[in-house]
Every structure is written in C-alpha cells, then in structure tokens.
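Enquirer: Dropping a prediction and its sequence here:
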Amino acid sequence: MGGLGPGIGGLEILVIGLVALLVVGPKDLPLLMRKVGKAMGKARAMANEFRSSFDEMARQSELDELRKEVEALRTGQGMVPLGAEADAAFRDIRNDLNKPLYEAEKPALTGPDEWPDSAPVMEPLEPLAEPKPKAKAKPRARSTAAAKTAAAKTASVKTAGGKSRAIRARKVDL
C-alpha cells in the first residue's frame with residue numbers, strides 16, 4: 001500500500017500537486033500543504049482514539065462474559081451431571097489412589113510343586129559387637145642414632161640477660 005491509501009499512487013499524487021500549484025499558486029501552496037498536513041494529523045489522531053476506545057469496549061465485554069462464567073461455576077449453575085459411567089470411572093480412580101502401594105501377598109497353593117515356605121525369609125541382623133579398648137603403647141627406648149638427631153635439632157641461644165636457653169628446631173610446612 002503506497003502513497004496515501006489504496007488506489008492513489010505516485011502518478012496521481014503528482015497530478016494532484018500540479019493542479020494545486022495551478023489553482024492556488026506557488027505563493028500560497030506551502031501554507032495550504034501545512035494546513036492539509038495538520039488536518040490529516042487530526043484525522044489520524046481521532047481515528048486512533050476511536051479504535052482504542054472500541055478495543056477497550058471489546059475487552060470490557062469479554063471480561064464481563066468471563067466474570068459471568070466464573071460466577072456460574074462458583075454457584076454451580078450450568079453444570080450438567082456426567083452420568084453413572086463417569087461416576088464409576090472416578091470411583092475406580094479414587095480407589096486406586098487410596099490403595100496401599102505394597103500389599104502383603106499370601107502364597108497360593110496351586111499345585112504340588114509349590115511350597116508355602118518357598119518365599120525367602122529374612123533373618124534378624126546380629127547385634128553389633130562393642131569395640132574393644134585399645135591397649136596403651138609402651139614408650140620405646142631411643143636408640144643412640146635417634147638421640148643424636150634429637151640433640152642436633154636443639155640449639156642453645158643466649159638471652160638478653162646472659163643466660164643460655166635450649167631451643168628445639170621445628171619443621172614448618174608452607
């Protein structure tokens with residue numbers, strides 16, 4: 001859709017412009033075009049306002065219909081009974097939902113090959129044994145090599161008062 005609307009193309013607009021130039025004249029043509037533009041703007045604004053008010057009325061009527069339907073559902077009007085078949089189906093579903101998940105099944109004796117005690121029997125677990133207290137370890141005697149390394153790790157340091165003190169070196173992990 002080109003131009004001003006359906007049926008008006010570029011050639012028709014050119015013809016209308018030439019006729020307006022001849023009738024009005026070149027001096028008053030810009031003033032006339034400005035007035036025509038303002039009139040077109042007002043007409044479009046009025047059309048948009050009409051369209052929006054019409055859309056609002058349509059939305060309002062739809063909302064009114066929905067409110068009536070909700071109110072009818074709340075009060076139970078317009079409800080049609082489903083029938084005995086639907087009631088039976090809903091009853092079966094309710095019974096299935098309320099049934100326990102696991103039922104204790106009794107073994108049925110159907111033939112000579114089946115024994116009533118063939119089901120696995122679970123025996124109770126044995127109680128856990130209490131842990132035994134650990135025996136205290138006896139201190140080991142140091143060997144002479146261990147004593148030498150321990151002595152090597154200690155050093156004497158003189159303090160500010162002139163007294164010497166033994167300091168043990170420690171291994172520090174970073």
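Expert: Looks like it came in fine.
Enquirer: Give the rounded mean pLDDT of stretch 52-72.
Expert: For stretch 52-72, mean pLDDT rounds to 92.
Enquirer: Ignore what I typed, I meant stretch 12-26.
Expert: 88.
Enquirer: how about it: buried residues?
Expert: Under the neighbour-count criterion of 16 or more other Cβ atoms under 10 Å, stretch 12-26 has nothing buried. Just so you know, the C-beta spots here come from the backbone N, C-alpha and C atoms, and that holds for glycine as well.
Enquirer: How about stretch 38-58?
Expert: Under 16+ other Cβ under 10 Å, stretch 38-58 has no buried positions.
Enquirer: and Tyr102, what does it touch?
Expert: For Tyr102, the contact set (Cβ atoms under 8 Å, 6 or more residues apart in numbering) is empty.
Enquirer: I'd assumed it was in a helix, is it?
Expert: No - counting by DSSP: H, G, I helix; E, B strand; the rest coil, Tyr102 is not found in a helix; it is coil.
Enquirer: how close does it sit to Gly37?
Expert: Using Cβ to Cβ, to the nearest Å, one gets 83 Å for the distance from Tyr102 to Gly37.
Enquirer: How about Ile8?
Expert: To Gly37, Ile8 is 16 Å away according to Cβ to Cβ.
Enquirer: okay, those two: which has more neighbours?
Expert: Ile8 (13 against 10; other Cβ atoms under 10 Å).
Enquirer: So for the more buried one, what pLDDT did the model give?
Expert: For Ile8, the predicted pLDDT is 78.
Enquirer: Could you give the bridge partners of it?
Expert: Gly5 (DSSP bridges).
Enquirer: Compute the distance between it and Ser61, please.
Expert: Ile8 is 36 Å from Ser61, by Cβ to Cβ.
Enquirer: Same check on Val23?
Expert: 48 Å.
Enquirer: which SS class is the closest residue in space to Leu29 that isn't next to it in sequence?
Expert: Excluding the flanking residues, the one nearest Leu29 by Cβ to Cβ, 6 or more residues apart in numbering is Leu21, at 5.9 Å. Under three-state DSSP, the three-state class of Leu21 is helix.
Enquirer: How much space separates Leu21 from Ile8?
Expert: 18 Å.
Enquirer: Same check on Pro81?
Expert: For Pro81, the distance to Ile8 - Cβ to Cβ - is 63 Å.
Enquirer: Next: Ala47.
Expert: 17 Å.
Enquirer: and Asp55, what element?
Expert: Here Asp55, judged by DSSP states H and E, is contained in helix 29-75.
Enquirer: so after that helix, what's the next helix or strand?
Expert: Immediately after helix 29-75, counting by DSSP H and E, sits helix 84-98.
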